[in-house]
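Novice: Test case, fold it:
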Amino acid sequence: MRAHRLLHGRRLATAVAMILGGLLLQAGTPRRADAGPWATYGVGSRAIGLSGALAATVDDWTSIFYNPAGLARGEHSTAGMGYIIANHELSIDGERQDVEQLAGPFFGASMKFSERLGMGFGLTLPGSVLKLQVRPPDDPRFFIYDNLVQRLELMGGLGVKVTDRLTIGAGFQFLVDAPIALGLDIKLPRRQGGGSEEYSTFDISLDLQPRLSSTLGLQLAATDRLSLGAAFRDEISIDITLPISIKIDVAGVPIDVPVLVEARCFVTPRQIVGGGAYALSEDLSLALDVTWTEWSAWYDPRGIVKNLPTTGPEIPLADLFATYPDPGFHDTFVPRLGLAWQPFERLGMQVGYRFEPSPAPEQGGELNLVDNDKHVLSAAAQVDLGGGGLLAVPARVGVYGDYHYLVDRTHSKSDPSDPVGSYSSSGRVVQAGLDVTFRF
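Specialist: Numbers count the residues shown, from 1 in each chain. A predicted model of the protein is given here:
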């Protein structure tokens, strides 16, 4: 009788393990978020208006992202704040996908301690400090625009003017620690032969470790008209360790199924930027940047499930998980072109364009990590309000917007029995916002 009960308990525990497997596949291995909000959308009206082509000329608090050397280039300390809204209209086979709107404030400041030394910091908080969403990795999804923006972005840096023409800088990017603990009660199916329904309790503890990554930069005033710049942003991510203990009591027989889920998510890949700006006239300048992104180092989107030692009957839960193929992403080069015009002393305007080739191959296998080539057009304007009156210090108000056009793409499955099947992807993203920058 005990052996029969134990066998029945194992079968029931296996059913629970399969249920848990689905939960792990969806919740325990969370949706990936890649190329954080500033790398995808930019920050600051002037920078967004130039489509990010300002590694050689940035000189305000946004230098912490674009090039920390710029913190020593400017003549003033600055403080800025603003608000961004980005609406995603992304479709798979003509059906709009559920990708959240980005909306939230950002803040920053730069401080000049001397003619040759500057420091700055900034953060953006679009709705959530950190967000995990439930979705299996083989569901078609636009991984670039998915939930990458739903996290706090915090950066800082220091710039030093080495000579009158050369400045260098270094900084950091920080992902905050966000530990989560929760419990789940799962109702099991009624046992054969009647009787009361059984329940199992899931004790889940999610440990997210804070991470830092480095940024480096330099700017060189090669001539009175030509400026050059380069920046390096290292990869940053969060490692998740998710221990789960399942305790099941079936007909008096206790069964423990402890497992461990390990995953790496919220990955912003390593980037190197190089560029230059040339003053065509006193009021007009042209900038060109090229950004290399190491998408080839992108991680398995699923995570790893491991069985932990147990004193009871062992349920090989890890065996329920398939091994997904390598995503096969490739590195990308993104050209950025910007034109800045100062038609009046207190009015500045910028327009920009960039082309972002997709790092993802056609999704013809098991995975469905959807991405398309993108053309991005941008524009911005700033008005200098001066100082005095209600404004204790000089201020500049900016407005900006850009449009991401995703080139239509078809994904043909090599296996005709694939549960998802072939599909097409397309879409657009519209972003707008405003900011105000104070000079001290």
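Novice: Show me the helices in the chain, by range?
Specialist: Counting by DSSP state H, one finds helices in the chain at the ranges 2-23, 37-41, 45-49, 63-66.
Novice: where among those is the average confidence lowest?
Specialist: Of all these, mean pLDDT reaches its minimum on helix 2-23 (a mean of 42).
Novice: tally of neighbours for Met349?
Specialist: Neighbours of Met349 under the rule other C-beta atoms under 10 Å: 16. In this view, the C-beta of every residue, glycine as well, is placed from N, C-alpha and C.
Novice: so what's it bridging to?
Specialist: Taking DSSP bridges as the rule, Met349 bridges to Trp341, Ala381.
Novice: Wait, it touches Val383, no?
Specialist: No: look at Met349 against Val383 with C-beta atoms under 8 Å: they stay out of range, at 10.1 Å.
Novice: Can you find the helix or strand in the chain with the smallest mean pLDDT?
Specialist: strand 180-187 (a mean of 39; mean pLDDT, DSSP states H and E).
Novice: Low-confidence stretches in the stretch 301-440 of the chain?
Specialist: Residue ranges of the stretch 301-440 of the chain with pLDDT under 70: 301-305, 310-324, 387-391.
Novice: quick one: the strands in it?
Specialist: Assigned by DSSP state E, counting those that start in this stretch, the stretch 301-440 of the chain shows strands spanning 304-307, 332-344, 347-356, 369-370, 374-388, 391-411, 423-439.
Novice: Neighbouring strands of the shortest one in the sheet, and parallel or not?
Specialist: Strand pairing for strand 369-370, using DSSP bridges, gives strand 141-142 (parallel).
Novice: Now the strand it pairs with: average pLDDT?
Specialist: Per-residue pLDDT over strand 141-142 has a mean of 84.
Novice: So what touches it?
Specialist: 31, 88, 90, 97, 99, 135, 368-371, 425, 427 (C-beta atoms under 8 Å, 6 or more residues apart in numbering).
Novice: Scan those and report the most crowded one.
Specialist: Compared across the contacts of strand 141-142, Val370 has the highest neighbour count, 26 neighbours, by other C-beta under 10 Å.
Novice: hey, what's that one bridged with?
Specialist: Residues in beta-bridge contact with Val370 (DSSP bridges): Phe142.
Novice: quick one, what contacts it?
Specialist: Val370 is in contact with 92, 140-143, 360, 363, 411, 425, counting by C-beta under 8 Å, 6+ apart.
Novice: do the same with Leu226
Specialist: Applying C-beta under 8 Å, 6+ apart to Leu226 gives the contacts 276-279.
Novice: what's around Gln101, how many residues?
Specialist: Neighbours around Gln101, by other C-beta under 10 Å: 11.
Novice: what sits against the residue nearest to Ala79 when sequence neighbours are not counted?
Specialist: Once flanking residues are discounted, Ala79 sits nearest to Ala109: 4.3 Å by C-beta to C-beta, 6 or more residues apart in numbering. Contact analysis of Ala109 by C-beta under 8 Å, 6+ apart lists 61, 77-80, 120-122.
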